[in-house]
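Novice: Need coordinates for the below:
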Amino acid sequence: MVQNIVLALVFGGMFTLVFGGIGFFLLSQYRKAQQEVDESQGWPEIAAEITFSEIGEHTPSRFEDQDRSTTYEPIIHYKYSVNGVDYEGKRIGFTAGGSISGTKGYAERFIKRYPVGKIVTAYYDRRKPSESVLEKNIQSQGGLISITVISLILGLVSLVITIWVIIRQLIS
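Specialist: Below is the predicted model of the structure:
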């Protein structure tokens, strides 16, 4: 009985910590991005010129990652001037822990919206004018949100199963 309880605590605890930890980490990244969006709502807008607009391709190179598919990232640079000082921006919007990437079609939508030479509206932080974005929102990361939810659910299920096994052992 004691051995079964210890095994349940070790393995159940491990799964709970791993999946729950991943879920909470990703959730904190999303909350951080949402906080940045909230803070940016007061940022002033400014005219910016797109200076670079291409699609970056990320293909897994390590042997163990060969089953993963290629992802595509819009790479957009723009220049703007605040109080006579020139800046270069590279951020499209706010992301939860990384860059904006996805399918080729997803990246192409950004490239079409921001072609080289186009004058667009950018938003910058008054306190730190070198911080800027083209869009004041969290860029869609459906896969990241799905992984967050799945991790949190698996962590919770693991916790419930661990508690259930321990209770069963104590009752019997």
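
Novice: Helices of the protein, start to end?
Specialist: 2-7, 13-40, 104-113, 142-171 (DSSP state H).

Novice: Contact partners for the residue lying closest to residue 52 once chain neighbours are set aside?
Specialist: Spatial nearest neighbour of residue 52, chain neighbours left out: residue 77 (3.9 Å); criterion: Cβ to Cβ, 6 or more residues apart in numbering. To be clear about C-beta, it is placed using only N, CA and C from the backbone, and glycine gets the same treatment. Contact analysis of residue 77 by Cβ atoms under 8 Å, 6 or more residues apart in numbering lists 50-53, 88-90.

Novice: Just the pLDDT for residue 77.
Specialist: Looking at residue 77, its pLDDT reads 97.

Novice: still on that earlier bit, emit the ChimeraX select command for whichever of the contacts of residue 77 are buried.
Specialist: Under the burial definition 16 or more other Cβ atoms under 10 Å, those of the contacts of residue 77 that qualify are selected in ChimeraX by:
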select :50,53,89
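
Novice: Out of the helices of the chain, flag the one nearest residue 124.
Specialist: Residue 124 lies closest, by Cβ to Cβ, to one member of those: helix 13-40, at 9.2 Å.

Novice: relative to helix 142-171, how tilted is the closest one?
Specialist: 140 degrees (axes from the mean of the first three to the mean of the last three Cα atoms, to 10 degrees).

Novice: list the helices and strands helix 13-40 packs on?
Specialist: helix 142-171 (3 or more Cβ pairs under 8 Å, 6 or more residues apart in numbering; DSSP states H and E).

Novice: The helix it packs on: how far from the chain's middle?
Specialist: 23 Å (Cα atoms, centre = their mean, to the nearest Å).

Novice: Excluding chain neighbours, give the residue nearest to residue 88 in space.
Specialist: Per Cβ to Cβ, 6+ apart, closest to residue 88 is residue 79, 5.3 Å.

Novice: Quick one: residues contacting the one you found.
Specialist: 48-49, 51, 86-89.

Novice: The same query, at a cut-off of 6 Å, please.
Specialist: Contact analysis of residue 79 by Cβ atoms under 6 Å, 6 or more residues apart in numbering lists 49, 51, 88.
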